[in-house]
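S.K.: Next come a sequence and a model predicted from it.
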Amino acid sequence: MNAKKLNKLFPLLGLLILLSCGGKKQEANAEASAGNEQETATETREAVKVKTAVAELQNVNQTATYTANVQADVINQITPAIPGRIEKIFVEIGNSVKAGQFLVQMESSNLQQQKAQLANLQRDYDRYLELLKVGGVAQQQVDQVKTQIDVLNAALQNLEENTQLKSPINGVITARNYDNGDVFGQRPILTVQQLNPLKAIIYVSESYFTKVKLGMAVKINLDVYESEDFTGRVSLVHPTIDSDTHTFGVEVSINNQDLKIRPGMFARVSLHFGTTQSIIVPDVAVQKQAGSNDKYVFVVEKGVSRYRKVSLGQRLENNYEILSGVRVGESVVTAGHSRLIEGTPVEIVRN
């Protein structure tokens, strides 16, 4: 082969070599890319190790607890019906008083004048009766004086009630707003509160309306007596439902014979509605949705996690009562939540 033909052949051979090398490089790159995708898919399918517990059915006491401030069952404000000067107050804050006990003496000059006037009328009436027997006066005159005496007696009784102020109940003096010699104004002179029984008013969800009954026993706990339970009974059930809050008022009467409880104390009032079977899960299984008050759990189904929004009932020591969102026998995740989303493969680790 002469030199001229060889010079034409060399460029063709170079082109074939370059094409061959380029094809092999593209094939190698494609294989590498496929290997990386396969490796990523393998990493995505890696199972998250979790611990689980079985949602069980248990008997649960259906108890609803509400907060309230203890109140006196009866409160009396000691005030006269007419303005006047206070002559003397006979009690101090904290004194126990009996029904009918004399508490305050108001200025009595008007009362004395009325008594003197009544005494004069009574003498005139007695004299008229004697004259009537001998025909010295007419029956009409006697009747007129008798009417004046009756009217004055009624006025005098009202004046006495507003001059000599008495306690209408057994109780304790809880407020004194004046001193001796002050002129009575708008505020009551004294406040008397009955301490036995006491009461608490709670507002119960309308779902319990048919379950709350008069005389129903109630348990009461007070922050000031942490370890002691007190008892009460439902004394009044309000007949209507508040359309805004969907609650109804319930008044609870509290036996306070030993006077340990005082008005104003903070109380937790618990109503017991019997026992029912409920689904129970460990409290560590229940998570709070960020940015809301929603609660959720993850359950394990066929080796993957499933997100479930739940409605909670009572907290029972280390467990929660589940009202909706979980079925009996399902496995709920108790550890390993942080790496889970809907559909994450999981591996259950046994304790």
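M.R.: That came through fine. Since the model is a prediction, treat every value here as computed from it, not as a measurement.
S.K.: other SSEs contacting the host helix or strand of E347?
M.R.: Element membership of E347 [criterion: DSSP states H and E] is strand 346-348. With contacts taken as 3 or more C-beta pairs under 8 Å, 6 or more residues apart in numbering; DSSP states H and E, strand 346-348 sits against strand 48-54. To be clear about C-beta, it is placed using only N, CA and C from the backbone, and glycine gets the same treatment.
S.K.: partners of the strand it packs on in the sheet?
M.R.: Taking DSSP bridges as the criterion, strand 48-54 sits next to strand 331-335 (antiparallel), strand 346-348 (parallel) in its sheet.
S.K.: quick one, what contacts V104?
M.R.: By C-beta atoms under 8 Å, 6 or more residues apart in numbering, the residues touching V104 are 78, 86, 88-90, 164-165, 189-190.
S.K.: you'd agree it is in a helix?
M.R.: No. V104: not assigned to a helix; according to DSSP: H, G, I helix; E, B strand; the rest coil it is strand.
S.K.: now it, nearest residue through space, not along the chain?
M.R.: Closest residue to V104 apart from its sequence neighbours, by C-beta to C-beta, 6 or more residues apart in numbering: L165 at 4.0 Å.
S.K.: residues in contact with that neighbour?
M.R.: 78-80, 102-106, 189-190.
S.K.: Same question for G181.
M.R.: G181 makes contact with 85-87, according to C-beta under 8 Å, 6+ apart.
S.K.: helix, strand or coil for it?
M.R.: G181, by the three-state scheme (three-state DSSP), is coil.
S.K.: Can you tell me how far it is from I86?
M.R.: Distance of G181 to I86, computed by C-beta to C-beta, to the nearest Å: 7 Å.
S.K.: Against which helices or strands is the helix or strand containing Q141 packed?
M.R.: If you go by DSSP H and E, Q141 is part of helix 139-161. Packing partners of helix 139-161 (3+ C-beta pairs under 8 Å, 6+ apart): helix 109-133.
S.K.: Contacts made by the helix it packs on with the rest, please.
M.R.: 136-139, 141-142, 145-146, 148-149, 152-153, 155-156, 159-160, 163.
S.K.: check which helix or strand covers the residue nearest to V104.
M.R.: Going by DSSP H and E, L165 is in strand 164-166.
S.K.: tell me which residues in the helix or strand following that strand are buried?
M.R.: Moving toward the C-terminus from strand 164-166, the next helix or strand (DSSP H and E) is strand 171-176. Within strand 171-176, the residues scored as buried using 16 or more other C-beta atoms under 10 Å are 171-174, 176.
S.K.: Let me know the angle separating strand 171-176 from strand 102-106.
M.R.: With axes from the mean of the first three to the mean of the last three C-alpha atoms, to 10 degrees defining the directions, strand 171-176 sits at 40 degrees from strand 102-106.
S.K.: start at 10 instead
M.R.: With 10 as the first residue, the last one maps to strand 180-185.
S.K.: Within the sheet, what are the partner strands of strand 180-185, with directions?
M.R.: Strand 180-185 has its sheet partners listed here by DSSP bridges as strand 105-106 (antiparallel), strand 199-202 (antiparallel).
S.K.: Nearest to E356 among the buried residues of strand 180-185?
M.R.: Closest approach between the buried residues of strand 180-185 and E356, by C-beta to C-beta: T183, at 66.6 Å.
S.K.: so that closest one sits right up against Q203, yeah?
M.R.: No. Assessed by C-beta atoms under 8 Å, T183 is found out of contact with Q203, at 10.4 Å.
S.K.: Overlap in contacts, the two.
M.R.: A81.
S.K.: one step back: same list, the strands paired with strand 57-63, but as CSV with distance to Y329, mean pLDDT and mean neighbour count please.
M.R.: Listed next are the strands paired with strand 57-63 as CSV, based on distance: least, C-beta to C-beta, whole Å; pLDDT from 0 to 100; neighbours: other C-beta atoms under 10 Å:
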stretch, distance to Y329, mean pLDDT, mean neighbour count
strand 340-344, 10, 95, 20
strand 355-357, 21, 93, 16
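S.K.: Of the ones you listed, which is nearest A73?
M.R.: Closest among the strands paired with strand 57-63, once you apply C-beta to C-beta, is strand 340-344, at 25.1 Å.
S.K.: What are the contacting residues of the closest one?
M.R.: Strand 340-344 is contacted from outside by 59-64, 290-291, 293-294, 306-309, 314, 335, 349, 355, 357, using C-beta under 8 Å, 6+ apart.
S.K.: at 6 Å what do you get?
M.R.: 59-64, 290-291, 293-294, 306-309 (C-beta atoms under 6 Å, 6 or more residues apart in numbering).
S.K.: Among the strands paired with strand 180-185, show me which one is buried the most.
M.R.: Ranked by mean neighbour count under mean count of other C-beta atoms under 10 Å, the strands paired with strand 180-185 are led by strand 199-202, which reaches a mean of 23.
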